[in-house]
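Enquirer: I'd like to go over a predicted model; first the sequence, then the structure.
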Amino acid sequence: AAPRRPSDAAAWLRALARRGFADARVVRVEPDGVTLVSARYPADAGHVDPEALRAWLAERLPAHMVPAAFVALPALPLSGNGKVDRTRVRRLLGERAARPAEGADPPRGETEEGMAALWSEVLGVAGVAREANFFLLGGDSLLATRLVTAVRRRWGVELPLREVLRTPTVAGTAALVDRLRGAPPAG
């Protein structure tokens, strides 16, 4: 996680503890204020569902504190001098982060196609599938805010940022827009 203020880190530690994580602690505070938070999920507690965890956090934390992705690592890799090896962490996160499947379903209907076009514009990516995850494609809370603004310009509806965080797919955000517009959803 990357909280930027001490109060953010404290909120993270409390939220992780409430969700069943053990040994939640601040590992390091970078000079730019980014804080690395570590927590251990007990092996006997079962599988961690990243989307359920994101939705749970989105209900309890400010939008800027909800991470773009969750990746479970058995342990943080350390360098020879015992410090977190950030290069190896970045590599592991890149390898383990879920990616959209090849041949994924394209957007369906006018609203999904329009939403996919907005995502492409905001995220700087091409060919967004209907079940692609905004955050796994590089989105964050700032880009989600830009998406909300683009939705307002295109369709004239106020898409709540919290809903984008809860439903971060083209199909999901398009369905929200259709609901807000009173239009029938795409099939």
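Expert: Structure's in. What do you need?
Enquirer: now do the helices in the protein.
Expert: Counting by DSSP state H, the chain has helices at residues 6-18, 50-60, 86-96, 109-123, 141-155, 161-166, 170-181.
Enquirer: counting by contacts, list what the longest strand anywhere in the chain packs against.
Expert: In the chain, taking DSSP state E as the definition, the longest strand is strand 22-29. Identification of packing neighbours for strand 22-29 by 3 or more CB pairs under 8 Å, 6 or more residues apart in numbering; DSSP states H and E yields helix 6-18, strand 35-40. Backbone N, C-alpha and C define where each C-beta goes, glycine included.
Enquirer: now render the helices of the chain as a markdown table, adding mean neighbour count, distance to residue 78 and mean pLDDT.
Expert: Formatted as a markdown table, the helices of the chain follow (neighbours: other CB atoms under 10 Å; distance: least, CB to CB, whole Å; pLDDT from 0 to 100):
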| stretch | mean neighbour count | distance to residue 78 | mean pLDDT |
| --- | --- | --- | --- |
| helix 6-18 | 16 | 21 | 78 |
| helix 50-60 | 16 | 24 | 77 |
| helix 86-96 | 12 | 9 | 71 |
| helix 109-123 | 20 | 33 | 93 |
| helix 141-155 | 17 | 30 | 92 |
| helix 161-166 | 19 | 32 | 84 |
| helix 170-181 | 21 | 38 | 93 |
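Enquirer: that concludes my questions; thank you for your assistance.
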